[in-house]
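Undergrad: give me a 3D structure for the following:
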Amino acid sequence: MPVKRAGEQHIAVFGESGSGKTVMISSFYGATQESQYLQKSLFHVVPDDIGQGNRLHKNYLGMKNSAQPPGITRFAATSYSFKIKLKDGVAARQRRPSPVEALRLVWHDYPGEWFEENVNGPEAQRKVDTFRSLLGSDVALLLVDGQRLLDNSGEEEKYLKSLLTNFRNGLLSLKDDLLDGGEPLSVFPRIWIIALSKSDLLPNLDVFKFRDLLIEKACDDIDELRKVLAGLVEDDEALSVGEDFVLFSSAKFDGDKIEVTKRVGLELILPLSVMLPFERYARWAQARQIRGKVVQNLLNGTEALAAVLIESEGDLPGPLGFLLNRFDRNQVKDAAKLASDAAKLAGDKLRDINSEARAKQDNLKATLSGFRMDLDKGEKEQTLLRSRR
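TA: Residues are numbered from 1 along each chain as shown. Down below sits the predicted model:
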């Protein structure tokens with residue numbers, strides 16, 4: 001698997017057929033093309049595949065102008081790659097070369113049918129190959145369908161047990177094909193967020209109530225899923241399953257009207273993919289002193305983001321890959337602490353960094369600190385709940 005560049009983040013999205021994955025990515029991308037967004041944002045979201053971007057935009061415009069949602073896709077394993085192209089600022093032209101060349105988001109959409117139905121022959125191999133392609137993702141979203149929860153009101157455990165059992169069994173069926181010689185994977189999604197899609201259907205359910213519902217109705221099933229995922233990875237201490245929760249709504253669907261401006265949580269997709277792994281990996285590396293391939297994978301790029309955020313606070317060590325290749329434990333520890341210090345930025349300090357960066361037109365630092373602030377805002381609005389482990 002090729003090494004990711006600093007600033008390139010991958011997110012894997014899992015959900016049953018009809019759970020809203022296509023609507024979500026269409027709404028996310030379409031909103032970034034609106035004039036209001038472009039005027040206030042410090043960056044452009046540019047698809048690597050223009051035709052693919054146009055199809056997503058067409059889906060969005062169909063919802064906005066004709067109340068026509070995208071059709072349900074079956075067995076469509078699609079990856080969407082977007083460059084987060086920063087607007088040129090004065091600081092960008094004057095500053096020294098950045099440790100982060102560009103920001104990029106790669107969204108992997110995994111077909112829900114592969115967890116719901118048995119497949120054989122070439123389709124079975126495509127299932128394995130597709131899963132391998134998303135192993136480099138930092139974050140995985142497991143979607144809980146708000147419509148299915150509503151349909152099973154009072155007996156939510158029936159739906160949740162079915163969802164989590166299918167997902168767990170689907171992973172078990174892949175295990176032998178994924179583990180080469182039975183060796184656990186050092187590269188694997190380490191943060192598994194449980195996300196409520198179509199949250200507009202359950203307006204009284206904030207993220208705390210969503211978490212409580214899952215714990216009350218499906219605690220054992222989440223624990224079994226965690227055990228299966230732990231059985232796939234090297235150093236399962238650096239693994240978070242069902243500890244983070246988020247609410248998503250791609251639009252408000254009201255009869256023959258779709259209000260695309262009434263979204264929930266989609267503005268968190270970029271901060272979740274870029275800054276959540278950054279802060280979590282730094283914390284894990286400092287607390288556990290993880291060694292070998294795992295620490296290299298976790299901290300690859302993390303130091304570069306830290307360098308952007310706190311570069312004015314002192315000289316930074318060289319590229320983390322160089323330090324790790326030397327296997328100097330003290331320098332690895334210093335690099336982990338550096339990243340951890342940057343990840344802990346919060347409150348007034350974070351706002352000051354963001355304001356100063358905006359004033360200097362340092363759009364990279366302003367964007368990264370803004371993403372970090374967005375996570376805090378999501379928690380304040382009870383749309384996001386992050387693990388403290």
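
Undergrad: the strands in the stretch 1-150 of the chain, which residues?
TA: Using DSSP state E, counting those that start in this stretch, the strands of the stretch 1-150 of the chain run over residues 8-14, 43-47, 78-86, 103-110, 139-145.

Undergrad: would you list the ones you listed in a markdown table and tack on mean pLDDT and mean neighbour count?
TA: Backbone N, C-alpha and C define where each C-beta goes, glycine included. Below are those laid out as a markdown table (pLDDT from 0 to 100; neighbours: other Cβ atoms under 10 Å):
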| stretch | mean pLDDT | mean neighbour count |
| --- | --- | --- |
| strand 8-14 | 90 | 24 |
| strand 43-47 | 93 | 17 |
| strand 78-86 | 90 | 19 |
| strand 103-110 | 90 | 22 |
| strand 139-145 | 96 | 23 |
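
Undergrad: please name the residues that touch the residue nearest to residue 149 when sequence neighbours are not counted.
TA: Spatial nearest neighbour of residue 149, excluding adjacent residues (Cβ to Cβ, 6 or more residues apart in numbering): residue 156 at 5.6 Å. Taking Cβ atoms under 8 Å, 6 or more residues apart in numbering, we find residue 156 in contact with 149, 213, 217.

Undergrad: pLDDT wise, what is the second one at?
TA: It refers to residue 213. Each residue has a pLDDT score; the one for residue 213 is 98.

Undergrad: what about it, neighbour count?
TA: By the measure other Cβ atoms under 10 Å, the count of residues near residue 213 is 18.

Undergrad: list the contacts for it?
TA: By Cβ under 8 Å, 6+ apart, the residues touching residue 213 are 149, 156, 205.

Undergrad: any regions of this protein where pLDDT drops low?
TA: For the chain, applying pLDDT under 70 flags the ranges 1-7, 74-76, 89-102, 286-307, 310-346.

Undergrad: dump the strands of the stretch 1-150 of the chain into a markdown table; add distance to residue 163 as well.
TA: Shown next, in a markdown table, are these (distance: least, Cβ to Cβ, whole Å):
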| stretch | distance to residue 163 |
| --- | --- |
| strand 8-14 | 10 |
| strand 43-47 | 30 |
| strand 78-86 | 21 |
| strand 103-110 | 14 |
| strand 139-145 | 7 |
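
Undergrad: for those, which one sits closest to residue 191?
TA: Nearest of the strands of the stretch 1-150 of the chain to residue 191, taken as Cβ to Cβ: strand 139-145 at 4.8 Å.

Undergrad: ok, that closest one: who's next to it in the sheet?
TA: Sheet neighbours of strand 139-145, with direction, are listed as strand 8-14 (parallel), strand 191-197 (parallel) (DSSP bridges).

Undergrad: show me what the first one is in contact with.
TA: When you say that, I think you mean strand 8-14. 4, 21, 24-25, 102-110, 112, 115, 134, 136-143, 167, 189, 269, 272-274, 277, 301.
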